[in-house]
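S.K.: turn this into a model:
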Amino acid sequence: MNRFYLFIFILIVGFVACNNNKTDEKNKSIETKQTVDPVLAELDKINKKIKADTLNADLYRERAEFYYQNKQLNEALKDINKALSIDSSDSKFYVTLSDIYLESGKLKNTVVALDKAVELDPKNTDAWLKLAEMSIVFQEYRKAVGYIDKAMKIDDLNPKTYFLRGQVMLETGDTIHAIKNFQKTLEVDQDFFDAQYQLGLLYLGKKNKLAVDYFNNALNIDPNSIEAKYYLGMYYQETGNYDKALSIYERILEKNPDYVFAIYNIGYVNLVYLENFDVAIDYFTKAIDLHPNYIDAIYNRGLSYEMKKDALNSKKDYEKVLELNPKYKKAEEGLKRANDYLKGK
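M.R.: So this is what the prediction gives:
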């Protein structure tokens, strides 16, 4: 063979081999990624099932649920509409459609989908309860109670029926019956996080130590709930156990350093109760850095400066508060005190 052609032949063989190696590496990479990433592996499994059975509406609903859970709402909507184009008689498909619409902020479409779900299956408890939730959102409380009653006739051991009735009672100012319904929720299901949490809030409002039990119960169910930890700290703050409150707020910030309400509360405890004005200023400043228009943090930093006799800085903060809200009476009074101080009155 001519040397030139031999050289070209070697190049071609080498190029093909190189490409094959790259393809093998790419395939291995994909396989590894699917093995490592359970989300992609789950999607791949659903895709294979759909490929093997392209007219199975339940599979498209399954993939729609997958996309919904992973916040891919456009893909979820496509799949649930595909499911409905195959079978428009399944009530569950419309419930899934309502979830996607709700997550997309399309409230009227959500209600329409749920109405269709109960029309197709009047015993769909899930749909009735979701309609009740939507009615609570729209503050249509009588309608909400009607939907809850329908759900309760179908299944009187569904804890959500009692929880939503408690929500209606709470929003209409009947805290006694709200508490009774939330407690009934827990009789049916003691691991119902939202009922534990709401009871914690209600007893916090009463400064009742039962709040601690309910918040701790909620945290046993969901240890990552920042809100339950925060309001547990609030209970200790409101009842004078400032060390315990600060400890909880600090633990929140260890995992969530930008949780501004914990930052603000540490500043507030140091200002109002402990009179550690420099510490208070530091924390209010951190809160303001995160939210430059956090008006209460600006006001309380101004008050902290005032407590330190730093009238110039307190004046700046009070002026900023009034720039944001000219009707903020305490800032108006604080600005007058700062100006009087600077004038030597």
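S.K.: is it correct that Asn256 is in contact with Ser225?
M.R.: No: using CB atoms under 8 Å, Asn256 is not in contact with Ser225, being 11.2 Å away. Every C-beta, even on glycine, is put in place using the N, C-alpha and C of the backbone.
S.K.: more neighbours: which of these two?
M.R.: Ser225 (17 against 14; other CB atoms under 10 Å).
S.K.: so what's that one up against?
M.R.: Phe193, Tyr197, Ala218, Leu219 (CB atoms under 8 Å, 6 or more residues apart in numbering).
S.K.: residue ranges with poor pLDDT in this structure?
M.R.: Across the chain, residues meeting the criterion (pLDDT under 70) sit at 1-36, 345.
S.K.: could you chop it up by domain?
M.R.: According to automatic domain parsing, the chain comprises the domains 30-121, 139-189, 190-257, 261-345.
S.K.: could I get the ones you listed as CSV with distance to Lys130?
M.R.: What follows is the domains of the chain, written out as CSV (distance: least, CB to CB, whole Å):
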stretch, distance to Lys130
domain 30-121, 5
domain 139-189, 9
domain 190-257, 15
domain 261-345, 30
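S.K.: please identify which of these is closest to Glu133.
M.R.: Comparison of the domains of the chain against Glu133 by CB to CB identifies domain 139-189 as nearest, at 6.6 Å.
S.K.: before we move on, what SS does Ile252 have?
M.R.: For Ile252, the assignment made with DSSP: H, G, I helix; E, B strand; the rest coil gives helix.
S.K.: what is the burial count for it?
M.R.: 22.
S.K.: is it correct that it is in contact with Ala228?
M.R.: No: the pair Ile252 / Ala228 is not scored as a contact, 10.4 Å apart, by CB under 8 Å.
S.K.: now the helix or strand hosting Asp282: buried residues?
M.R.: Using DSSP states H and E, Asp282 sits in helix 277-290. Residues of helix 277-290 classed as buried: Phe277, Val279, Ala280, Ile281, Asp282, Tyr283, Phe284, Thr285, Lys286, Ala287, Ile288 (neighbour count, 16 or more other CB atoms under 10 Å).
S.K.: now swap in stretch 126-137 and tell me
M.R.: Asp126, Ala127, Trp128, Leu129, Lys130, Leu131, Ala132, Glu133, Met134, Ser135, Ile136.
S.K.: any chance of the residues you listed in CSV, plus distance to Glu62 and secondary structure?
M.R.: Compiled in CSV, the buried residues of stretch 126-137 are given as follows (distance: CB to CB, whole Å; DSSP: H, G, I helix; E, B strand; the rest coil):
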residue, distance to Glu62, secondary structure
Asp126, 17, helix
Ala127, 19, helix
Trp128, 23, helix
Leu129, 22, helix
Lys130, 19, helix
Leu131, 24, helix
Ala132, 26, helix
Glu133, 24, helix
Met134, 25, helix
Ser135, 29, helix
Ile136, 29, helix
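S.K.: could I get the residues you listed in CSV, plus columns for distance to Ala144?
M.R.: Output for these, formatted as CSV (distance: CB to CB, whole Å):
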residue, distance to Ala144
Asp126, 15
Ala127, 14
Trp128, 10
Leu129, 10
Lys130, 11
Leu131, 8
Ala132, 5
Glu133, 8
Met134, 8
Ser135, 4
Ile136, 5
